[in-house]
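Student: Below are the sequence and a predicted model for it; my questions follow.
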Amino acid sequence: MTKGDKAAELKKVERNLKKIKGKFKLASKTVAGEGNPNAKIMLLGEAPGQMEDKIGKPFVGRAGRKLNELLKIAGIIREKVFITGTVKFYPGTRAPNKKEIALCLPFTLRQIEIIKPKLIVLLGNVALNALIDKKLQMSKVHGKIFKRENKIYFPTFHPAAAMRFQKIMKQTEKDFRKLKILAKKFS
């Protein structure tokens, strides 16, 4: 699939997402994701926050600024990756629930299928539990590598959690330094 074909397929996913927007009462926009359709690295967060919902793009608020700092630590250029959330609509000031995750997961899996990233960075428990295992806890597996179906998954804390807790910030920065070594294989 060419870059143009991938971009068209990703737009199709976004159009199809808009059909379920009504199930998310607080959402004003669909936040499907953005970035390089040929990305070797994909970053998968949890759900859009208030700023993301307002603008319609992932990681543009405070957590987005922190993510940008973490990407610099890893030597990753934001424009070369694809960034999205497990849930594509603002759930309010809480983590997305199981129903919301289940509604959006097929779209996320389709994005992965289209982009075919070699490395997927899982930012937070929602992404970890949706793509790897519902029983895992980020505090126990962050910075470890999981291999599934020719993809490498690298779980780490969500930037918002890192901003709230100094201990998590230190662990997250350490994870992103480790990610720098891993990411060089896919740049």
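Tutor: In hand now; what should we look at?

Student: Who are the packing partners of the host helix or strand of Lys99?
Tutor: Assessed by DSSP states H and E, Lys99 sits inside helix 98-115. Under the contact criterion of 3 or more C-beta pairs under 8 Å, 6 or more residues apart in numbering; DSSP states H and E, helix 98-115 touches helix 3-18, strand 41-45, strand 82-85, helix 125-131. No exception for glycine: its C-beta is placed from N, CA and C like everyone else's.

Student: So which of those is nearest Glu100?
Tutor: Using C-beta to C-beta as the measure, helix 125-131 is the one of the helices and strands packed on helix 98-115 that comes nearest Glu100, at 9.4 Å.

Student: residues in contact with that closest one?
Tutor: Helix 125-131 is touched from outside by 44-47, 85-87, 95-96, 101, 105, 108, 120, 122, 135-138, 141, 153, 155, 158, with contacts defined as C-beta atoms under 8 Å, 6 or more residues apart in numbering.

Student: For it, list the C-alpha coordinates in CSV.
Tutor: Output in CSV follows, covering the C-alpha atoms of helix 125-131 (Å, rounded to 0.1, in the frame of the first residue of the first chain):
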residue,chain,number,x,y,z
ASN,A,125,-2.8,1.6,31.3
VAL,A,126,-5.7,1.9,28.9
ALA,A,127,-3.5,1.3,25.9
LEU,A,128,-1.6,-1.5,27.7
ASN,A,129,-4.7,-3.3,28.7
ALA,A,130,-6.5,-2.9,25.4
LEU,A,131,-3.6,-4.2,23.2
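
Student: I'd like to know how many residues surround the closest residue in space to Ala39 that isn't next to it in sequence.
Tutor: Distances taken as C-beta to C-beta, 6 or more residues apart in numbering place Phe82 nearest to Ala39, at 4.1 Å, with adjacent residues excluded. Phe82 has 25 neighbours, counted by other C-beta atoms under 10 Å.

Student: And Phe82, how close does it get to Ala130?
Tutor: Look at Phe82 and Ala130: by C-beta to C-beta, to the nearest Å, they are 17 Å apart.

Student: can you check Pro96 too?
Tutor: Pro96 sits 9 Å away from Ala130, going by C-beta to C-beta.

Student: overlap in contacts of those two?
Tutor: Common contacts of Pro96 and Ala130 (C-beta under 8 Å, 6+ apart): Thr86.

Student: Run through the bridge partners of the most centrally placed residue in the chain.
Tutor: In the chain, the centroid-proximal residue (C-alpha atoms, centre = their mean) is Leu44; its distance is 1.4 Å. With DSSP bridges as the criterion, the beta-bridge partners of Leu44 are Thr84, Leu122.

Student: show me what contacts it?
Tutor: By C-beta under 8 Å, 6+ apart, the contact set of Leu44 is Thr84, Gly85, Thr86, Thr108, Ile120, Val121, Leu122, Leu123, Ala127, Leu131.
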